[in-house]
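Engineer: sequence and predicted model, in that order:
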Amino acid sequence: MRYLTFLIVAVATLIFAFLSFHHPFFIILALIGAVGTGIGIYNLFQTHHSVLRNYPLIGMMRFFLESIRKEMRQYFIESDTDGTPFSRNKRAIVYQRAKVQLDKRPFGTILDVYQPGFEWLSHSLAPQHPDPKTFRISIGGPQCTKPYSASVFNISAMSFGALSANAIRALNKGAKEGGFAHDTGEGSISIHHREPGGDLIWEIGSGYFGCRHEDGSFNAERFVEQAQSPQVKMIEIKLSQGAKPGHGGVLPGAKVTREIAEARGVRIGQD
């Protein structure tokens, strides 16, 4: 039974080949059958897939159906709330916002509100303005002359060079408008960090970028100059990097432009 389909195709090919001498239409059928027979013979002797060795022709349907499994599930089986991490409902809102279309959903819900872990926001009959200090943490002890009230939500370390100038400006502008801090990353402070005027966390790593001499040693004068900038609210010392203990990230010399070299205190084109 395993080879029944293959045998039927092989026998049909021989019959079509014989009938092609009487009518040219059967030549096309014979060629199609020959292709199927050839594929079946190849699958019989290949050693990579046991399914194809046992079912030389119909076994190929298994791999075809497997290849379109995601599409079949997304279009015909998945409901509006099944998908993870983002359901179809959530993806639809993203699509609508990207097209500048109406992104509102009608009143009511198709979600199972009794499901364990279901989250919601309760309506308040007596709403109040939130305290701006609720989600902020004061950093700096009694010896600190300039403590900083940091938001619990900030922008993590991503250097200029790894990110473009537009990305740095956009992130820092968001930090200023949102009232939180922007970590410069190991690549130090660039002109694009300063332009929007958002609060900065200046990160210093093993390369001393932004406070180094030409030979790579620590430059105390440059450090004081950077640290006294009103925009710099905190200084982060990067002791190590998980992927490269004792070392920092490496930016290839080909990517070290004039702006990057100016921010880091290195030579243009130098790794």
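Structural biologist: Received, thanks.
Engineer: C-alpha from now on. contacts and neighbour counts both.
Structural biologist: OK.
Engineer: can you give me the neighbour number for Y114?
Structural biologist: 8 (other C-alpha atoms under 10 Å).
Engineer: just the C-alphas of stretch 21-38, formatted as PDB.
Structural biologist: The C-alpha coordinates for stretch 21-38 follow below in PDB (Å, rounded to 0.1, in the frame of the first residue of the first chain):
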ATOM      1  CA  PHE A  21       1.600   6.800 -30.900                       C
ATOM      2  CA  HIS A  22      -2.100   7.100 -31.700                       C
ATOM      3  CA  HIS A  23      -2.800  10.600 -30.500                       C
ATOM      4  CA  PRO A  24      -0.400  13.400 -29.700                       C
ATOM      5  CA  PHE A  25      -2.500  14.500 -26.600                       C
ATOM      6  CA  PHE A  26      -1.200  11.600 -24.700                       C
ATOM      7  CA  ILE A  27       2.400  12.800 -25.100                       C
ATOM      8  CA  ILE A  28       1.700  15.600 -22.500                       C
ATOM      9  CA  LEU A  29       0.200  13.100 -20.000                       C
ATOM     10  CA  ALA A  30       3.200  10.700 -20.600                       C
ATOM     11  CA  LEU A  31       5.600  13.500 -19.900                       C
ATOM     12  CA  ILE A  32       3.800  14.500 -16.700                       C
ATOM     13  CA  GLY A  33       3.800  10.900 -15.600                       C
ATOM     14  CA  ALA A  34       7.500  10.500 -16.400                       C
ATOM     15  CA  VAL A  35       8.300  13.400 -14.200                       C
ATOM     16  CA  GLY A  36       6.300  11.900 -11.300                       C
ATOM     17  CA  THR A  37       7.800   8.500 -11.900                       C
ATOM     18  CA  GLY A  38      11.300  10.000 -11.900                       C
END
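Engineer: F209 - nearest residue in space that isn't next to it in sequence?
Structural biologist: Among residues not flanking F209 along the chain, R264 sits closest, at 4.4 Å (C-alpha to C-alpha, 6 or more residues apart in numbering).
Engineer: residues contacting the one you found?
Structural biologist: 187-189, 209-211 (C-alpha atoms under 8 Å, 6 or more residues apart in numbering).
Engineer: for R258, see how far away it is.
Structural biologist: 10 Å (C-alpha to C-alpha, to the nearest Å).
Engineer: same question, R136
Structural biologist: For R136 relative to R258 (C-alpha to C-alpha), the value is 37 Å.
Engineer: the two: who's more crowded?
Structural biologist: More crowded of R136 and R258, by other C-alpha under 10 Å: R136, with 16 against 12.
Engineer: just checking, that one touches A150?
Structural biologist: Yes. Between R136 and A150 there is a contact under C-alpha atoms under 8 Å: 5.3 Å.
Engineer: so which bits of the helix or strand hosting E221 are buried?
Structural biologist: Here E221 sits within helix 220-227, counting by DSSP states H and E. Of the residues in helix 220-227, 223, 226-227 count as buried by neighbour count, 16 or more other C-alpha atoms under 10 Å.
Engineer: and of those, the nearest to Q128?
Structural biologist: A227 (38.7 Å; C-alpha to C-alpha).
Engineer: separation between F180 and F135?
Structural biologist: 11 Å.
Engineer: so what sits against both of these two?
Structural biologist: With C-alpha under 8 Å, 6+ apart as the test, F180 and F135 both reach S151.
Engineer: compare these two (neighbour count), which wins?
Structural biologist: When neighbours are counted by other C-alpha under 10 Å, F180 and F135 differ, and F180 comes out ahead with 20 against 12.
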